[in-house]
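> sequence first, predicted coordinates after that:
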Amino acid sequence: MTKKRKLTIKTFMVTLAMLLILIPFAGCATTTSAPTTPAPTTPAPTPAPTPTPAPEKEPIIFADLNWESAQVHSRIAAFIIENGYGYPESEFIPGETIPMWAGLSRGDVEVNMECWVENQQEAYDKSIAAGQVVDLGGNFWDNWQGWLVPTYVIKGDPARGIEALAPDLKSIDDLPKYWEIFKDPEDPTKGVFYSCIAGWECEKINEEKFKEYGLEEYYNVFLPGSGAALAAVMVAAYEKGEPYFGYYWSPTWILGKLDMTAIEEPPFDEKVWETNHACAYPAVHVNICVHSSLPDRAPEVVEFLTKYATTTAQVNKALAYMEEKEASTEETAIYYLKEFEDTWTKWVPADIAAKVKAALP
């Protein structure tokens, strides 16, 4: 009995212990927690869009033609473009008229500051028609070109001990009479006429004039290879007080400095000019031309160049300064910008003009 009771108590104790162990698990199984509302979340801020950087400006490329006025105009424009509009230092590609026009048409150069239209009419018309070149209008209109001799040939120069060798020389009609004064050193049976630069339109025009005026019998025609070569011949003759007969144009420092007299031709007549050129040269269009890609690449530069306009008197003054001071083309451009501020400040907005003036030395 006692043993059976002990067994029962032992069984009871084991059962109780097991129940105590299971109670916590039963609670977990039967208790459900109340649903919880998730805490509101703050959306992450949208990042500001990254601004697209402005395209980097590239240098403007100029046709660096082989005469001083064109070179100075290019430096004036370049100084304004660089210091006013913030473009990198400009590039200058040297060359003669026809090769530089071909380069402009291809886009090898972008700006030609002195396109003498009628002197390269055929090439000009072709490039304009093909849409390769855009004409922005005149740089200067009051230009001159023609045939001339040193004034001392007609009037003499007592201060230099030079006698007048052709006192009655006034027009083309007088030239046959005086051919011996201008004798060709390589052909003493004729005089010599120093014509336009080889390859320029005026080479053909002068050739036709000579034929129409009947001068081929009396004069040989010499074609210089460059503007510098033609200038050198004229200056050398003038400094020696020797006769000289040739073609030239203005604005140039030479005609601003040397005392030359134009040979009279029949007044310009459009019908005659279109037929055989047997009359005086007209004032030609000296225009600023750019490659057709430039208006899209640099619209503000094209707008400025469209307003760019000077006079022959201004340019002659600048070129005379260049010669007298032995100044570079860059120094002459600075001289122009200081001397003619009232002119160039009309080409650009006030803020651009202020930047350019601040950059002047």
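The structure has been received and is ready for your questions.
> quick one: end-to-end length of stretch 184-198, please.
End-to-end distance of stretch 184-198 (Cα to Cα, to the nearest Å): 19 Å.
> go through that stretch and flag the buried ones.
184, 190-197 (16 or more other Cβ atoms under 10 Å). Every residue, glycine included, has its C-beta placed from N, CA and C.
> next up, phi/psi of the spatially closest residue to residue 185 that is not a sequence neighbour, please.
Once flanking residues are discounted, residue 185 sits nearest to residue 192: 7.6 Å by Cβ to Cβ, 6 or more residues apart in numbering. The phi/psi pair for residue 192 (degrees, to the nearest 10) reads phi -130, psi 140.
> just checking, residue 192 touches residue 220?
Yes: Residue 192 is within contact range of residue 220, at 5.2 Å (criterion: Cβ atoms under 8 Å).
> now do the shared contacts for the two.
Common neighbours of residue 192 and residue 220, counting by Cβ atoms under 8 Å, 6 or more residues apart in numbering, are residue 184.
> do you know the pLDDT at the residue nearest to residue 185?
At residue 192, the model reports a pLDDT of 97.
> and it, what does it touch?
182-185, 219-222, 245.
> which of these are buried? Put it as a PyMOL command.
In PyMOL, a selection of the buried entries from the contacts of residue 192 looks like this (16+ other Cβ under 10 Å):
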select buried, resi 182+184+219+220+221+222+245
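> least confident pick among the contacts of residue 192?
pLDDT is lowest at residue 185 among the contacts of residue 192; the value there is 93.
> for residue 238, see how far away that one is.
Plainly put, residue 185 is 17 Å away from residue 238 if you go by Cβ to Cβ, to the nearest Å.
> so where do the helices sit in the stretch 101-250 of the chain?
Counting by DSSP state H, counting those that start in this stretch, the stretch 101-250 of the chain has helices at residues 121-129, 151-155, 201-213, 227-240.
> and the average pLDDT for the first one is what?
Along helix 121-129, the predicted confidence averages to a pLDDT of 96.
> quick check: angle from it to helix 201-213?
140 degrees (axes from the mean of the first three to the mean of the last three Cα atoms, to 10 degrees).
> give me the buried stretch members for helix 121-129, please.
123-124, 127-128.
> tabulate the CA atom coordinates of that helix in CSV.
Extracted in CSV, the C-alpha atoms of helix 121-129 (Å, rounded to 0.1, in the frame of the first residue of the first chain):
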residue,chain,number,x,y,z
GLN,A,121,34.0,86.9,-108.7
GLU,A,122,33.9,83.5,-110.3
ALA,A,123,35.2,81.7,-107.2
TYR,A,124,32.9,83.8,-105.0
ASP,A,125,29.8,83.0,-107.0
LYS,A,126,30.5,79.3,-107.0
SER,A,127,31.0,79.1,-103.2
ILE,A,128,28.0,81.2,-102.4
ALA,A,129,25.8,79.2,-104.7
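> show me the contact partners of it.
Contacts of helix 121-129 (Cβ under 8 Å, 6+ apart): 98, 101-102, 104-105, 115, 117, 133, 135, 201.
> would TSV of these with distance to residue 291, neighbour count and pLDDT be doable?
Below are the contacts of helix 121-129 laid out as TSV (distance: Cβ to Cβ, whole Å; neighbours: other Cβ atoms under 10 Å; pLDDT from 0 to 100):
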residue	distance to residue 291	neighbour count	pLDDT
98	16	15	90
101	11	23	97
102	12	15	97
104	6	26	98
105	8	20	98
115	12	29	96
117	17	18	92
133	6	23	98
135	12	16	98
201	21	20	84
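> for residue 272, what are its contacts?
By Cβ under 8 Å, 6+ apart, the neighbours of residue 272 are 266, 278-279.
> if you rank those by neighbours, which is first?
For those, the largest neighbour count, defined by other Cβ atoms under 10 Å, is 18 neighbours, found at residue 279.
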